[in-house]
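Novice: structure of the sequence below:
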Amino acid sequence: MLLTLHAACLKPYLKPAGTTKPARGGKSAPLSLSDLPAYTADTLGLTGLNVSTDLLTGADPKALENLRESADRRSISLLLLAETEPQPLASDRDGDAGIERMGRVLRAARLLGCPSVAMAIKSPDDDDALESATLRAREIVESAEKLDINVLLMPFAGLTEKPERMTEVIKRIGGFRIGTFPDFQTAAATKDGPLYIRRLAPYAQVICASTEKFSGVKAETLADPAAPAPTHTAYDLGAMVKAAHTVGYDNTLSIDYRGPASGLEDVTMGLRASAAALRQAIAALSPDA
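Specialist: I've put the predicted structure just below:
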């Protein structure tokens, strides 16, 4: 499995695109959008990067091209663009606006060279909503197919909250360009997190390896590859990784640290701890994992 960075967790420390303002939300913002590939490679030692649309607010096509060129220079793969806002595809009033919005996201993904976009569907869980939402989602997927881009659904309250309903939505939409973007934290909030992952991983091209809290995090320990990895105390990362592996998943785990942080240094430590714990979990699988 390949470990990558999901840069959504860096939003508070990222300068707003298209401006010279030094801060976002009053916090220190030491990174620019084009700094993300170097941070991914040099600070975290990862080779892939996923971004969310809220990081691109104010970015023009030139800024997106600069990010892509920066990633190319650092040999960082831009793999996924995730739409931050759930789209109301079941709504008669706002559903078509969701299609238009995802059209813009797809065009941005193409400029970045991302092979996938992720989105959530905002919809009640009933049969009428299922029909309306899947019809509009199919339009989005058809547009994505023309651009050779995959559409990955993120679980969201309502229609796609339960794994069995999510798989029904995917089957209704149909095609080879539709899949899932499941999330460890979301899985852990259910009665059986590993079972949740096992049900969605067969449809996933990327899994969000979200993390929250660790014990035993020390800079000197993280710098030593032979040292035991910190322990993730919020839920069992090893069980989540094993659950994905048991159903044949061997793609990307995208690290998103969501734990306590008072600055970029804390987030960096959380991301490094996450990577160490996930590498340990992967190593515990069969030799060909």
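
Novice: any idea how many residues pack against L195?
Specialist: The tally of other residues near L195 (other CB atoms under 10 Å) stands at 13. Using the backbone N, CA and C atoms, a C-beta is placed for each residue, glycine as well.

Novice: I misspoke; the intended subject was D72.
Specialist: With other CB under 10 Å as criterion, D72 counts 13.

Novice: I figured S77 hits G48, correct?
Specialist: Yes: using CB atoms under 8 Å, S77 makes contact with G48 at a distance of 4.6 Å.

Novice: the more surrounded of those two?
Specialist: Neighbours per residue, other CB under 10 Å: of S77 and G48, the larger number sits with G48, 23 against 20.

Novice: show me the contacts for that one.
Specialist: Counting by CB atoms under 8 Å, 6 or more residues apart in numbering, G48 makes contact with 2-5, 40, 76-79, 252, 254.

Novice: returning to what we had before: give me the common contacts of S77 and G48.
Specialist: T4.

Novice: next one: stretch 34-45 to chain centre, how far?
Specialist: Relative to the chain's own centre, stretch 34-45 is displaced by 17 Å; criterion: CA atoms, centre = their mean, to the nearest Å.

Novice: start and end of it, how far apart?
Specialist: One end of stretch 34-45 to the other measures 17 Å (CA to CA, to the nearest Å).

Novice: name the residues that touch that stretch?
Specialist: 4-5, 7, 10, 14, 31, 46-49, 51, 63, 66-67, 70-71, 73-76, 268, 271-272, 275.

Novice: unless I'm mixing things up, V141 is touching I178, no?
Specialist: Yes: applying CB under 8 Å as the test, V141 and I178 come out as touching, 5.2 Å apart.

Novice: mind listing the shared neighbours of those two?
Specialist: V151.

Novice: compute the first-to-last residue distance for stretch 197-215.
Specialist: Using CA to CA, one end of stretch 197-215 lies 24 Å from the other.

Novice: the strands in the stretch 151-289 of the chain, which residues?
Specialist: Secondary structure of the stretch 151-289 of the chain by DSSP state E, counting those that start in this stretch: the strands cover 178-180, 206-211, 214-215, 231-232, 252-257.

Novice: got the contact list for the nearest residue to D54 once chain neighbours are set aside?
Specialist: Excluding its sequence neighbours, the residue lying closest to D54 (CB to CB, 6 or more residues apart in numbering) is T84, at 4.3 Å. Taking CB under 8 Å, 6+ apart, we find T84 in contact with 8, 52-54.

Novice: where in the chain is pLDDT low?
Specialist: 18-28, 286-289 (pLDDT under 70).

Novice: which parts of it are helices?
Specialist: 36-38, 61-73, 95-112, 127-146, 163-173, 184-188, 193-200, 219-222, 237-246, 264-283 (DSSP state H).

Novice: the last one: how far from the chain's middle?
Specialist: Distance of helix 264-283 from its chain centroid, counting by CA atoms, centre = their mean, is 16 Å.

Novice: residues near L5, how many?
Specialist: Neighbours around L5, by other CB under 10 Å: 29.

Novice: hmm, I typed the wrong one, I wanted L278.
Specialist: 23.

Novice: as TSV, the strands of the stretch 151-289 of the chain with mean neighbour count would be great.
Specialist: TSV is the format used below for the strands of the stretch 151-289 of the chain (neighbours: other CB atoms under 10 Å):
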stretch	mean neighbour count
strand 178-180	23
strand 206-211	26
strand 214-215	16
strand 231-232	18
strand 252-257	26
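
Novice: closest to L200 out of those strands?
Specialist: strand 178-180 (4.9 Å; CB to CB).

Novice: quick one: that closest one to chain centroid distance?
Specialist: 13 Å.

Novice: before we move on, what about stretch 1-14?
Specialist: Relative to its chain's centre, stretch 1-14 lies at 8 Å (CA atoms, centre = their mean).
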